[in-house]
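S.K.: Whatever this is, show me its structure:
(2 chains, ligands or ions: 1)
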Amino acid sequence: MTTTETSTRTSGGIGESPLRPDGRLKVTGRFAYSSDLWHEDMVWGVTLRSPHPHARIVAIDTTAALAVPGVDAVLTAADVPGRNATGLEHQDTPALADEVVRYEGEPVALVAADHPETARRAAARIVVTYEELPALTDPRRALDEDAPQVHAQGNLVREMHIRRGDPEPTAPVVVSLEFEVGMQDQAFLGPESGLAIPDGEGGLDLHVATQWLHVDQQQIQGVLGLGPEQVRLHLAGVGGAFGGREDLSMHVHASLLALHTGRPVKMSYSREESFFGHVHRHPAWLRYEFGADHDGRLRYASADILFDGGAYASSTGAVVGNGGTLGLGPYAIPNVRVDARGVYTNNPPCGAMRGFGCVQAAFAHEALMDELADRLGMDRVAIRALNGMREGDRNITGQVIDSAAPVAELIGIVRDLPLPAPRAEVDLRELPGGVSNTTHGEGVVRGVGYAVTYKNVGFSEGFDDYSTARVRLELTGGEPVATVHTAAAEVGQGLITVEQQICRTELGVERVVVHPKDTTVGSGGSTSASRQTYVTGGAVKAACEAVRTTVLARATELLGRTGLHLDGDKVVSATGEVVAGLAEVLADGGVEETVEWRHRPTHPIDPETGQGDAHVQYAFSAHRAVVDVDVELGLVKVVALDTAQDVGKAINPDAVVGQIHGGSAQGMGLALMEEIVVTDGHVRNPSFTDYLIPTILDMPPMQVEVLEYADPHAPYGVRGVGEPPTISSGPAVAAAVRAATGKALRRVPLRPEAITGV
Amino acid sequence: MDFLTPTTWADALAAKAEQPDAVPVSGGTDVMVEINFDRRRPPALLDLTRVPDLREWTHDDDGRVRLGAGVTYARIITELGRTLPGLAMAARTVGSPQIRHRGTVGGNLGAASPAGDSHPALLAADAVVEVASVRGTRQVPVAEFYTGVKRNALAPDELIAAVLLAPATGPQQFCKIGTRNAMVISVSAFGLALHPGRRAVGTGIGSAAPTPRPADEAAAFLAGELDAAGLWESRGPLPEGLAAEFGHRVRAAAAPIDDVRGTAAYRLHTLSVMARRAATWAWDEHRGADARRAA
Ligand SMILES: Cc1cc2nc3c(=O)[nH]c(=O)nc-3n(C[C@H](O)[C@H](O)[C@H](O)COP(=O)(O)OP(=O)(O)OC[C@H]3O[C@@H](n4cnc5c(N)ncnc54)[C@H](O)[C@@H]3O)c2cc1C
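M.R.: So this is what the prediction gives:
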């Protein structure tokens, strides 16, 4: 491997926070999101969805819809040319429902028309005759013998068992609890949307907001019955993702309509449809037990975790994997039993969301850690520091944590950050309820809560997790310019800036063009699992190194000298003498290299014991929440939400803090308000009127402490950043509310009804 | 869809008479949401934003504020915070700055949602709704204006011209429960006004019955107890338990349901707490012992 040669001349490299190229456009409202896509000849596609959680489709009559003037096509499962099956882990999801619908909102038919309203009117005239079937809506019943079967192969998606140490451990102090986590939504602001443009030769170009172009491409081509070269994907402007764009939404539908009509087809969901158009975070039921010595040291832990996967598998298997392998938190525990399951039901499908299986578990293990501390009369920070993992420890799957694991330090940092001043005078905006004027201080009690977490970075359990980068260095107007091309999706997190920064650092050029993201370069892997700065960053770094090697080889040939290296845009001899400018070396043409880059392999875990090196890297964070609770009304004001996180190396410090702010808000949202309410398989609040996410008046300013303990195995020492804050913030908030109210509060979101007990 | 754009009040009334199924638009913060969500496709929209009179507030001959139906919440907060404190407090809780800059009390009355935030304040202040048509003008006490869930007393050819409210002569309070600290539809709401001049108490309940409604029995009880103890004049402290008893009686006036925003039991509970607290704050203010006002 070539050594990193960090330029002293180039600004905007790693460790700085250069302006994001999309930043100004976004804050001034000029950024083109996927919902802004337009084509002169386009028609509009809409989706007809199932009103039932479980029903047999007896007949579909499209006659009346086709008769509507302006309608170009009405398609059903019968019109799918290829294999009517998609899915990330299991190909169990029909592109259009065939014979059976398994959840409310499942796509049944498509309409293309010259106006979206015409398409909607026509869709309403499609007559679908359903025969309702008994619906399985309580996941706790999914494995009962008499439970309705959602799929022929049974209702179990995956189960995982982890066994470590003494199978029948005992301890002098035992605490246990049951916890329940409601269904959170990613609530990205840019609805699912895209534009499919047929090429007249049987193939098409699909412009779409997504998290992983190549995995979409694979699934789409299967449904269309086409080759990969015939289905070309282009990343359109992504308005947030958080896991909700890992599965297909309108991709196949627009493509089917485009091929069928021969016209560009645009689809863009409304907010309401969006709630039915993507997977959600798994609701979970958790039963935990900790056994400890009198000094607070954990002797054993056991956990039963149930995830409601909903009607289709999506990434339920991997969520079970995370919930299982990481479900006891960042603690060293000698004896362990974990059983984690994910099941099918006729509820909305659940899949990836930021924090991925760890979020649910963290609410339980952190609540139980507080319970244990209280039982022992111990300090809640001290008990975490005592049991926290350290570098070199083995986790519950037996994997050695082979880089920093600063649990005790992180929790200590947040404890020592200045606390907010007690309320001085009455300013309604500082009180629970805000200007809604429900208290002037009456009933308000302050509480403080702590939580720590760890999260795997990248794909796990033996998955071939790689990214591809193509870097070209050439002269443009006499100046060396680098172009970086990856298919890794920018979803708002700032990846394109990171790609530029790495090129600047590695190649010493100021100007770095980020090629539009598409499938003409190899896969970048998923923008999820906090992995892109690590994996695509690693690929870009490797591609730059390959370019540099080629450039220096050329310089060696050109100048007849060896021992050369690059310093900024200068070619320098071993003695430090500038022997040529980069421009001279590139005068004969550019240099381009494409590299496929992999992180260290991970391994499947043993199906019986759950032991194995399942993950490539772990990221740690801690939060301290301070809340004021109006205990009489059950309203909460989060006064402070402070955090410390080890990021290995902050490639872009501003972006790191941005991720931590956003992730913390999202975790707090789950603790206090965010829930898709599902009753008997029906979603009751598919709108931003009733699915509440925190506003700026709910989110306090944060103190953020960023540690940089380089991971020696990762490029530049980076550690994934995006997910840990979402995991530890919610449990800290919940703990603070428990501290203020003295109530157990074993379900999130913490509804005011539960806080008041009415 | 026709888009009617009268520029005078007379033209607006004529247009409504001619096309009674035309839907008036003021700020559009309810109407446009319904159209965007495809819940409503009216044959015509009647744009009222070009009628200048609707956007003004004045004083009528009786000294009441005549609040044009098209005055926005933002203006109520900045221009009428002292004169109509209860309504201004309610206005502050509406939506976001954008919504407060477009939304109007006329629109809130037009929509007549049980969750509309202006209603408890209007009820507590004994507001009167001035409605008009080519047939003439009539005044409807606000408590009679709400006739059912999202229904009001307007005839098909009528428009809301204004709301008439006496300037506050005593303390007013408005409280609203929502599950986040801003931009939230009320789970329950309560408006209170003390009218020391006539030794009366005004109340309004929101989101806890099919329509906004006053808690008349509770109001009469509180006023009566204050009277009996001579407290209106003496401005003495509230007798122990009086505010709580008032809260219980307000609660008894409500008839809420369970829905996705909250349970009926929680709504009842919060009404009694809000009423107790609001009565305490209002009385404290009346006594001059506590000049705290909403920030
Ligand atoms: C994001 C958001 C947040 C919101 N938050 C709140 C909130 O916190 N509290 C709350 O109470 N409301 C809220 N609303 C609802 C809405 O803003 C209010 O009801 C507002 O008062 C409506 O006023 P408008 O002028 O925009 O009404 P419009 O939408 O123009 O009209 C509303 C109704 O009144 C009728 N109408 C309007 N003017 C007249 C007239 N002069 N004569 C007869 N009929 C008329 C219309 O035909 C329509 O039926 C919110 C809305 C949105 C979109």
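
S.K.: Wasn't A:R423 part of a strand?
M.R.: No. If the criterion is DSSP: H, G, I helix; E, B strand; the rest coil, then A:R423 is coil and not within a strand.

S.K.: pLDDT at the residue found closest to it once you drop the neighbours it is linked to in the chain, what is it?
M.R.: Leaving aside its sequence neighbours, A:R423 sits nearest to A:E430 (CB to CB, 6 or more residues apart in numbering or on different chains; 6.3 Å). To be clear about C-beta, it is placed using only N, CA and C from the backbone, and glycine gets the same treatment. Looking at A:E430, its pLDDT reads 93.

S.K.: hang on, isn't A:E430 packed against A:P422?
M.R.: No. Applying CB atoms under 8 Å, one finds A:E430 not in contact with A:P422, separated by 11.0 Å.

S.K.: who's more crowded, these two?
M.R.: A:E430 (17 against 8; other CB atoms under 10 Å in any protein chain shown).

S.K.: Tell me who's in contact with the more buried one.
M.R.: If you count contacts by CB atoms under 8 Å, 6 or more residues apart in numbering or on different chains, A:E430 has them with A:R423, A:D628, A:K637, A:V639.

S.K.: Then A:T76?
M.R.: Here A:T76 is in contact with A:I60, A:T62, A:L96, A:V108, A:A109, A:L110 (CB under 8 Å, 6+ apart).

S.K.: just A:V616 next, same as before
M.R.: Counted by CB under 8 Å, 6+ apart, A:V616 has contacts A:N456, A:V457, A:G458, A:S460, A:D465, A:H599, A:R600, A:T602, A:H713.

S.K.: Nearest to the ligand among the residues you listed?
M.R.: Closest approach between the contacts of A:V616 and the ligand, by CB to the nearest ligand atom: A:V457, at 37.6 Å.

S.K.: B:A189 and the ligand, how far apart?
M.R.: Using CB to the nearest ligand atom, to the nearest Å, B:A189 is found at 9 Å from the ligand.

S.K.: let me redo that: A:T556
M.R.: Here the criterion is CB to the nearest ligand atom. By it, A:T556 lies 65 Å from the ligand.

S.K.: That residue contacts A:V571, doesn't it?
M.R.: No. Using CB under 8 Å, A:T556 makes no contact with A:V571, being 9.4 Å away.

S.K.: So which of the two has more stuff around it?
M.R.: Legend: neighbour count by other CB under 10 Å for A:T556 and A:V571, higher for A:V571 (25 against 15).

S.K.: what kind of secondary structure is the more buried one in?
M.R.: Secondary structure, three-state DSSP: A:V571 is strand.

S.K.: ok, B:E56 - contacts?
M.R.: Contacts of B:E56 by CB under 8 Å, 6+ apart are B:G68, B:V71.

S.K.: cool, and A:V68?
M.R.: Shown in contact with A:V68 (CB under 8 Å, 6+ apart): A:A113, A:T118, A:R121, A:A122, A:R125.

S.K.: what does the model give residue 272 for pLDDT?
M.R.: Using chain A. 95.

S.K.: My question was about chain B, not that one.
M.R.: Here the pLDDT value assigned to B:S272 is 98.

S.K.: For it, what is the enclosing helix or strand?
M.R.: For B:S272, the enclosing helix or strand under DSSP states H and E is helix B:264-287.

S.K.: In that helix, which residues are buried?
M.R.: B:266-286 (16 or more other CB atoms under 10 Å in any protein chain shown).

S.K.: Repeat that for stretch A:211-219.
M.R.: Judged by neighbour count using 16+ other CB under 10 Å, the buried positions of stretch A:211-219 are A:Q211, A:W212, A:L213, A:H214, A:V215, A:D216, A:Q217, A:Q219.

S.K.: so which of those residues comes closest to the ligand?
M.R.: A:Q211 (28.7 Å).

S.K.: ok, the closest one to A:A55 distance?
M.R.: Per CB to CB, to the nearest Å, A:Q211 is found 31 Å from A:A55.

S.K.: any chance you could map the strands in the stretch 501-650 of chain A?
M.R.: Residue ranges of the strands in the stretch 501-650 of chain A, as given by DSSP state E, counting those that start in this stretch, are A:511-514, A:565-567, A:570-572, A:578-581, A:591-598, A:617-630, A:635-646.

S.K.: same deal with chain B?
M.R.: B:2-4, B:23-25, B:44-47, B:57-59, B:65-68, B:128-133, B:136-141, B:146-148, B:151-152, B:159-165, B:172-177, B:188-195, B:200-206 (DSSP state E).

S.K.: nearest to A:H615, of those?
M.R.: For these, the distance to A:H615 is smallest for strand B:172-177, at 44.0 Å, taking CB to CB.

S.K.: wait, does that closest one contact chain A?
M.R.: Yes. Counting by CB under 8 Å from any CB of the partner chain, contacts between strand B:172-177 and chain A involve B:Q173, B:F174, B:C175, B:K176, B:I177.

S.K.: Farthest pair within those?
M.R.: B:Q173 and B:I177 (13.9 Å).

S.K.: The residue in the stretch 601-750 of chain A that the ligand sits nearest to and chain B, how far apart?
M.R.: Going by CB to the nearest ligand atom, the ligand is nearest to A:T689 of the stretch 601-750 of chain A, at 7.4 Å. Applying CB to the nearest CB, to the nearest Å, the value for A:T689 to chain B is 6 Å.

S.K.: Next one: the residue nearest to that residue when sequence neighbours are not counted from A:L473, what distance?
M.R.: Among residues not flanking A:T689 along the chain, B:I185 sits closest, at 6.2 Å (CB to CB, 6+ apart). Applying CB to CB, the value for B:I185 to A:L473 is 56 Å.

S.K.: Now do the contacts for residue 245.
M.R.: Assuming you mean chain A. A:R245 neighbours (CB under 8 Å, 6+ apart): A:F188, A:E192, A:A209, A:T210, A:Q211, A:V238, A:H278, A:V491.

S.K.: actually chain B
M.R.: Counting by CB under 8 Å, 6+ apart, B:E245 makes contact with B:F221.

S.K.: what residues does the stretch 151-295 of chain B put near chain A?
M.R.: Within reach of chain A by CB under 8 Å from any CB, the stretch 151-295 of chain B has these residues: B:173-187, B:260-263, B:265-266, B:269-270, B:273-274, B:277, B:281, B:292, B:294-295.

S.K.: Most neighbours among the contacts of A:V616, please name it.
M.R.: Tallying neighbours with other CB under 10 Å puts A:V457 at the head of these, with 28 neighbours.
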